[in-house]
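>>> sharing a sequence plus its predicted fold:
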Amino acid sequence: MQGELTILDKTRIDDFISTHPTWKEYAALLQENNHYFTKAEIVSEGAVGELIFQNPDSKEHEKCVFVFFLGKDQLVIADLTQKNRRVPHETETMEVPLRVRSGESSGIGSLTIRSENDDTIGNTTDNTTSRGSTLASDLISTLEREEKELTPVRLFVQILDYTLKNEMKNLQRIEKACYRMEEELLDEKKQVDPTKEVAKFRKEILNRNFRYQQFADMVDTLCENPFDIFTDSEKLSFERFGSKVDRLSQQTQLLREYLVQIREMYQQTIDVQHNKTMQVLTVVTTLFFPLTLIAGWYGMNFVNMPELKNQYSYFIVIGICLIIVAGEIIFFKKKKLIG
């Protein structure tokens with residue numbers, strides 16, 4: 001039995017739908033105006049769904065949209081990505097060998113590839129086809145060079161792995177930023193407000209975790225396999241990808257907790273600074289309170305105050321004030337309220 005891979009671009013979707021009237025679920029996905037979620041749905045002949053991801057090889061991180069049908073020996077990918085990678089070269093060819101299944105036996109067979117932006121190419125004995133201009137075409141070309149023997153399911157899993165190509169690197173980037181923010185908070189000379197940076201990373205982590213949850217739901221749907229579409233080994237491939245998604249999701253949870261700790265650490269630092277300021281104000285107020293009392297007391301200027309007539313009264317009051325201040329300073333130092 002030969003596997004078949006079909007790549008569609010936007011210009012040929014209507015033609016494909018008209019020539020496949022029984023593919024109602026797949027046609028419904030293709031005709032949607034907006035594509036937001038990665039998802040999959042099991043139908044009698046296979047699975048249909050959407051892959052929404054950011055191109056890991058693009059500096060602009062362009063949004064990529066693949067609408068797929070995955071059967072036992074067939075994979076159809078409609079590339080709805082807004083931007084094409086390059087202009088097609090009609091004469092360019094590539095070798096695409098495929099491991100096929102037939103009952104319990106296996107071997108190497110030819111791969112029928114339909115590139116719906118060109119004329120259909122039937123089963124070829126030399127396993128060659130015109131390469132299309134879509135992201136899906138370029139991606140599949142790269143995957144075929146890396147692994148020569150692919151079934152449709154194995155190729156699909158390889159595409160799934162590609163969508164998460166740089167995820168761990170990006171999470172490590174956020175983790176390093178968290179280390180840096182923590183060190184800056186611990187260094188009083190370099191303390192900066194990390195609130196904006198924390199908010200930016202929290203938003204990024206939430207978006208990534210949301211994508212991971214979508215991938216996990218899709219894998220769970222594929223592993224249900226109610227119509228025995230996929231073999232045990234193919235289900236194992238889905239489960240391995242699901243485990244990878246789970247690990248990434250757990251890492252995002254740890255980073256979210258780390259960011260919360262950094263924000264709490266910054267708040268604690270602000271509270272400590274406020275406490276130190278209040279402590280200084282309290283010490284200063286306490287120091288001057290007795291002096292204020294003495295000034296107020298002798299500022300009443302009663303006629304019968306004997307100290308007013310003593311020629312040494314002024315110097316005596318100054319001495320008393322200095323003794324009081326010195327005593328308070330000694331007391332505060334013993335209580336470690338001042339340095």
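Received it, and whenever you're ready, just let me know what you need. Residues are numbered from 1 along each chain as shown.

>>> how far off centre is the helix or strand harbouring Phe315?
Following DSSP states H and E, one finds Phe315 within helix 313-334. Distance of helix 313-334 from the chain centroid (CA atoms, centre = their mean, to the nearest Å) equals 63 Å.

>>> determine the set of other helices and strands touching that helix.
Counting by 3 or more CB pairs under 8 Å, 6 or more residues apart in numbering; DSSP states H and E, the packing neighbours recorded for helix 313-334 are helix 232-298. Glycine gets a C-beta too; all of them are placed from N, C-alpha and C.

>>> angle of the helix it packs on against helix 313-334?
Per axes from the mean of the first three to the mean of the last three CA atoms, to 10 degrees, the angle that helix 232-298 makes with helix 313-334 is 160 degrees.

>>> helices or strands up against helix 232-298?
Against helix 232-298 (3+ CB pairs under 8 Å, 6+ apart) you get helix 152-163, helix 167-186, helix 195-224, helix 313-334.

>>> buried residues in stretch 154-161, which are they?
By 16 or more other CB atoms under 10 Å, the buried positions in stretch 154-161 come out as Arg154, Leu155, Phe156, Val157, Gln158, Ile159, Leu160.

>>> how far does it sit from the chain's center?
That offset, for stretch 154-161, works out to 21 Å (CA atoms, centre = their mean).

>>> who touches it?
5, 51, 66, 68, 70, 75, 77, 99, 139-140, 143, 146-147, 150, 215, 234, 237-238, 241, 244 (CB atoms under 8 Å, 6 or more residues apart in numbering).

>>> 6 Å instead?
Leu70, Leu75, Leu143, Ser237, Phe241 (CB atoms under 6 Å, 6 or more residues apart in numbering).

>>> report the central residue of this protein.
Arg208 (3.1 Å; CA atoms, centre = their mean).

>>> where do the helices sit along the stretch 1-150 of the chain?
Using DSSP state H, counting those that start in this stretch, the helices assigned to the stretch 1-150 of the chain run over residues 13-19, 24-30, 135-146.

>>> weakest of these in terms of mean pLDDT?
Lowest mean pLDDT within those: helix 135-146, at a mean of 74.

>>> what ranges do the strands span in the stretch 1-150 of the chain?
3-8, 39-43, 46-54, 63-71, 74-79, 89-93, 98-102, 105-109, 111-115, 130-131 (DSSP state E, counting those that start in this stretch).

>>> for the second one, C-alpha coordinates in PDB please.
Once non-C-alpha atoms are left out, strand 39-43 reads as follows in PDB (Å, rounded to 0.1, in the frame of the first residue of the first chain):
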ATOM      1  CA  LYS A  39      -7.300  21.100  17.800                       C
ATOM      2  CA  ALA A  40      -8.200  17.600  16.400                       C
ATOM      3  CA  GLU A  41     -11.300  15.600  15.800                       C
ATOM      4  CA  ILE A  42     -11.600  11.900  15.000                       C
ATOM      5  CA  VAL A  43     -13.700  11.000  12.000                       C
END
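
>>> so what does that strand touch, helix or strand wise?
Counting contacts by 3 or more CB pairs under 6 Å, 6 or more residues apart in numbering; DSSP states H and E, strand 39-43 is packed against strand 46-54, helix 195-224.

>>> what about Glu182, distance to Phe16?
Going from Glu182 to Phe16 by CB to CB, to the nearest Å gives 53 Å.

>>> go on, Cys321?
Counting by CB to CB, the gap between Cys321 and Phe16 amounts to 97 Å.
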